[in-house]
Structure formats: C-alpha cells, structure tokens
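Trainee: predicted model, plus sequence, below.
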Amino acid sequence: MEAKAIQRYVRQSARKVRLVADLVRGKDIETVLNLLHFNNKKASEAVEKVIRSAVSNLMNSEGGAGLSPENMYLKTIYVDGGATVKRFRAGSMGRASIIRRRSCHITVVVAEKENKAKQKTK
C-alpha cells in the first residue's frame, strides 16, 4: 500500500531542492524525518512538510488505519521545475538585467514495508 503527496510552486529552485531529495531517497521514514529536521538547508523544511503529508495520507487511507511510521519507507521522491517568474533590474550602461525567480514541484510516494513473513508465504 502506498500514498502520494505533492507540493506545488515551492519558491526555491529545483536544483537546490534536489540536493535534499537525493539525501533521503529510499530510506525509512524515521531516519528521513531526523535527517531533514537537523539539516541546515532551507529546502529541508519544504521536503519534510511534504513527507509528513504523504505519511498522513497513508495512515488515513482505508487500509492504513493500523500503520505506524516505523513500518513505512520513502519509495520515490522527485523534484520538477515549476513556473519561473521573470523580473528586471537596471543593468550597466542603461540595460535591463533579467532576474529569474524559480519555483519547483515536490512529489513524494510513501509505501508500507513488506514483512519478511509475507514474502516467504508468497
């Protein structure tokens, strides 16, 4: 069983958020939340918020009533580029310099860990 959460239009470039996403990909939820909580990158706050939302979505789904975060892991996480807002600032010699204010979309899929007992019976 798995659940998904998406946060769109995060006001940070996708490249910076991908650094944090690569740090936590494939790990169990307790480890991920500890890594993100004590990480000093700004992007870790947004990624942590999305992961907590995905965990909550899984726990509140129909079959996830008895699940706890110890039995979950981060199945996939990816960061896509979002809309870029273009602004102008005065440049040298009367020119205009463009400023790109980038955003991104963070997508997280959280899944239940497979028990070894279930795997042996299959």
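Mentor: On my side now, so go ahead.
Trainee: how close does residue 73 get to residue 85?
Mentor: Plainly put, residue 73 is 35 Å away from residue 85 if you go by Cβ to Cβ, to the nearest Å. The way it works is simple: take the backbone N, C-alpha and C, and place the C-beta from them, glycine included.
Trainee: those two: who's more crowded?
Mentor: The neighbour comparison of residue 73 against residue 85 (other Cβ atoms under 10 Å) goes to residue 73, with 18 against 11.
Trainee: pretty sure that one belongs to a strand, no?
Mentor: Yes - counting by DSSP: H, G, I helix; E, B strand; the rest coil, residue 73 is part of a strand.
Trainee: who does residue 85 form a beta bridge with?
Mentor: Under DSSP bridges, the beta-bridge partners of residue 85 are residue 101.
Trainee: quick one: it and residue 101 touch, right?
Mentor: Yes - between residue 85 and residue 101 a contact is recorded at 4.4 Å, counting by Cβ atoms under 8 Å.
Trainee: excluding covalently adjacent residues, which one is nearest to the residue nearest the centre of the chain?
Mentor: Nearest residue to the geometric centre of the chain (Cα atoms, centre = their mean): residue 47, 3.9 Å. Sequence neighbours aside, residue 20 is the residue nearest to residue 47 in space, at 5.1 Å (criterion: Cβ to Cβ, 6 or more residues apart in numbering).
Trainee: and the gap between that neighbour and residue 89?
Mentor: To residue 89, residue 20 is 29 Å away according to Cβ to Cβ.
Trainee: next one: residue 19
Mentor: Counting by Cβ to Cβ, the gap from residue 19 to residue 89 is 27 Å.
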